[in-house]
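J.: Predicted model follows, preceded by the sequence.
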Amino acid sequence: MTQSTTTQGMVSKAQLTELTIEALCALGLDRADATDTATILVLADLFGLRTHGTSRIESYGSRLRIGGINPKPSISSEQVGPALHRLDGDNGIGPLVGFRALDLAMTAAREHGIACVFVRGSNHFGPVSPYSYLAAMNGFASIIGSNATTTIAPWGGTDARLGNSPVGFGVPNPEGHPFILDMAISVAARAKIRNALKRGEPIPGDWATDAQGKPTTDPKAALDGFLLPIGGHKGYGLALVVDLFAGMLSGAAYLTHVKSWEDDPEQPQNLGHFFILIDTTRLGSGAWLAARMADYAAILHGSRPADPNAPVIVPGQIELGLLERQMAAGIDIGAAQLAMLRAAARPHN
């Protein structure tokens with residue numbers, strides 16, 4: 001790797017993948033597990049989801065070093081119905097557990113046409129979109145979600161009792177971009193509020209509440225308070241549904257039973273996930289689905305934009321376009337992150 005590459009933080013997908021694998025191996029994972037984990041994290045970077053990609057090696061590493069995450073989990077699964085499975089992640093690193101659950105769900109859905117895998121004993125598994133993308137590229141429509149550490153108060157409440165649980169949907173397109181929707185339940189991420197505080201700027205009034213549950217434009221008060229869900233009480237209900245599927249039905253922790261990443265880093269979080277996959281090849285030929293997906297996108301793209309400089313897009317279009325460009329030109333992860341990964345890959349004894 002050239003000096004200019006090091007300075008600018010520009011790496012190829014292959015280089016970033018190998019560096020991530022080396023960093024994970026140095027943290028105690030075996031190479032097969034590190035490779036599966038890196039698949040998810042590198043895809044997140046390729047989609048431009050930098051906060052949930054290989055930068056997470058730093059926080060994952062902190063918990064791995066103190067025993068909060070098991071570096072060598074014995075991931076196990078049981079079939080509890082014809083197309084229904086439970087998977088226990090044995091407190092493994094989240095993207096590894098998620099990757100294995102996705103693989104199990106694809107195998108089962110290929111056999112039965114549809115499958116659901118409930119996951120317990122996991123940790124933060126990254127963004128949903130890499131899993132939706134991998135499923136779509138193998139011909140599966142998907143509904144995937146996870147619960148999370150509590151950051152949202154119940155609607156009308158004054159303390160955090162549910163998580164900003166992400167959920168995503170995907171539909172494959174044999175001859176073009178799949179449809180991929182990946183969203184958390186809050187209006188805005190805490191990272192955006194922290195950035196506003198650093199800049200000394202107010203935040204929109206629908207982002208968060210203060211510690212008394214009152215909407216605020218003060219980022220400091222918001223960080224001491226709670227995130228607001230999308231769509232008001234409807235978003236609150238959606239967050240509960242994701243937690244019920246990911247936490248309650250899976251046998252994982254739910255609501256306030258989820259251990260805090262920040263407050264109890266040495267304790268297993270016991271996060272839960274769910275993977276519901278549909279084998280679209282059972283519904284029609286690839287040509288049939290491709291034609292319908294092309295028509296679907298054309299109907300949406302054909303709407304005259306209110307802002308000529310902001311044409312109508314389909315969910316996932318921006319991320320998939322960025323993935324294609326970065327696959328060709330390389331991924332700029334920044335010099336600081338590149339240095340962090342190299343330090344993680346070659347720790348000092």
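T.: Looks like it arrived, so ask away.
J.: from here on, contacts and neighbour counts on C-alpha atoms
T.: Will do.
J.: count of neighbours near R304?
T.: Applying other Cα atoms under 10 Å, we find 10 residues neighbouring R304.
J.: Which other helices and strands does the top helix by length along the chain contact?
T.: Using DSSP state H to define each element, the chain has its longest helix at helix 94-112. Contacts defined by 3 or more Cα pairs under 8 Å, 6 or more residues apart in numbering; DSSP states H and E place helix 94-112 against helix 31-46, strand 114-122, helix 129-137, strand 271-279.
J.: now for the ones you listed, which one comes closest to V187?
T.: Shortest distance between V187 and the helices and strands packed on helix 94-112, using Cα to Cα, is found for helix 129-137: 18.1 Å.
J.: Determine the set of other helices and strands touching that closest one.
T.: helix 31-46, helix 94-112, strand 140-146, strand 167-171, strand 179-183.
J.: tell me the angle of the fourth one relative to strand 179-183?
T.: Interaxial angle, strand 167-171 versus strand 179-183 (axes from the mean of the first three to the mean of the last three Cα atoms, to 10 degrees): 180 degrees.
J.: So for strand 167-171, mean pLDDT?
T.: Strand 167-171 shows a mean pLDDT of 98.
J.: before we move on, what about the third one?
T.: Taken as a whole, strand 140-146 has a mean pLDDT of 98.
J.: can you check the first one too?
T.: The average of the pLDDT scores along helix 31-46 is 98.
J.: From start to finish, how long is stretch 309-324 in a straight line?
T.: 22 Å (Cα to Cα, to the nearest Å).
J.: what's that stretch in contact with?
T.: Stretch 309-324 is contacted by residues 46-48, 177-181, 297, 300-305 when judged by Cα atoms under 8 Å, 6 or more residues apart in numbering.
J.: One more: stretch 59-66?
T.: The contact list for stretch 59-66 (Cα under 8 Å, 6+ apart) reads L27, G28, I69, N70, P71, I93, P265, E266.
J.: gap between the third one and T151?
T.: According to Cα to Cα, I69 stands 21 Å off from T151.
J.: what's the answer for V42, then?
T.: For V42, the distance to T151 (Cα to Cα) stands at 26 Å.
J.: Ok, R199 next?
T.: Relative to T151, and taking Cα to Cα, R199 is found at 23 Å.
J.: And L197, by the same measure?
T.: As for L197, its distance to T151 is 18 Å (criterion: Cα to Cα).
J.: Out of these two, name the residue with the larger neighbour count.
T.: Legend: neighbour count by other Cα under 10 Å for L197 and T151, higher for T151 (23 against 18).
J.: so when I look at the more buried one, I'm seeing a helix, right?
T.: No - T151 is assigned strand when assessed by DSSP: H, G, I helix; E, B strand; the rest coil, not a helix.
J.: how far away is it from G284?
T.: 42 Å.
J.: can you map out the strands along the stretch 201-349 of the chain?
T.: 208-209, 226-227, 271-279, 331-332 (DSSP state E, counting those that start in this stretch).
J.: residue contacts, the spatially most central residue of the chain?
T.: By Cα atoms, centre = their mean, the chain has its centre lying nearest to P127, at 1.1 Å. Contact analysis of P127 by Cα under 8 Å, 6+ apart lists A44, L49, H52, P166, D182.
J.: same question, E111
T.: Contacts for E111 (Cα under 8 Å, 6+ apart) come out as none.
J.: can we see that at 10 Å?
T.: E111 is in contact with P82, A83, A105, D279, counting by Cα atoms under 10 Å, 6 or more residues apart in numbering.
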